[in-house]
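Chemist: The following block contains a protein sequence and its predicted model.
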Amino acid sequence: MNKVVMLNKDNVIVDIVDEVKPVKKSRSGVTILCPAEEAEGYVGSDNNTVYAKIGMQFQPSYYDIASLYMVEDIPNLVVPLAYKYNPEEGFVLNEDSYPDTNLGLTEKERELEDIVLEMSEIIYA
């Protein structure tokens, strides 16, 4: 059965869905299904999460959807965020050292966060 992979700007798989459900905000502010050409976002696989289409938010997010690809077969170990997808190469392990989910952080704040994570690994090792 075909699946659709939702990718961020770095080709990281954000979600995997059976069908694309494009949505937009209505005049009253309610999120509604809409034609693909009017989409401001997409419903996630849990039918609860809505991912913004890239460029639709004032502040970008790691989870903004940049592209969608229909694929025939997804290997068992492929899960969102842990893998990337490229139409030429297929599925590849996401080896990014720091997926930047906190785009608002300064470089100093990121370094501090990394230090705290390293310290917690030492403490609990």
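Modeler: Okay, I see it. Numbering: from 1, shown residues only.
Chemist: need the contact list for the residue most central in space within the chain.
Modeler: Closest residue to the average C-alpha location of the chain: residue 14 at 2.7 Å, with C-alpha atoms, centre = their mean. Contact analysis of residue 14 by C-beta atoms under 8 Å, 6 or more residues apart in numbering lists 6, 7, 8, 51, 63, 65, 80, 81. Placement of C-beta: from N, CA and C, glycine included.
Chemist: Can you name the residues bridging to the nearest residue to residue 87 once chain neighbours are set aside?
Modeler: The shortest distance from residue 87 to any non-neighbouring residue, by C-beta to C-beta, 6 or more residues apart in numbering, is to residue 69 (6.3 Å). Note on residue 69: beta-bridge partners residue 5, judged by DSSP bridges.
Chemist: and the gap between residue 69 and residue 32?
Modeler: 25 Å (C-beta to C-beta, to the nearest Å).
Chemist: which one of those two has more residues nearby?
Modeler: With neighbours defined as other C-beta atoms under 10 Å, residue 69 and residue 32 compare such that residue 69 has more, 14 against 11.
Chemist: Would you confirm that the more buried one contacts residue 4?
Modeler: Yes - counting by C-beta atoms under 8 Å, residue 4 is a contact partner of residue 69 at 6.8 Å.
Chemist: circling back to that earlier point, and the residue nearest to the centre of the chain, that's in a strand?
Modeler: Yes - assignment of residue 14 by DSSP: H, G, I helix; E, B strand; the rest coil places it within a strand.
Chemist: Show me how the record splits this protein into domains.
Modeler: 3-94, 95-125 (automatic domain parsing).
Chemist: Tabulate these (JSON lines), appending mean pLDDT.
Modeler: Below are the domains of the chain laid out as JSON lines (pLDDT from 0 to 100):
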{"stretch": "domain 3-94", "mean pLDDT": "93"}
{"stretch": "domain 95-125", "mean pLDDT": "61"}
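Chemist: Highest average neighbour count across these: which stretch is it?
Modeler: domain 3-94 (a mean of 14; mean count of other C-beta atoms under 10 Å).
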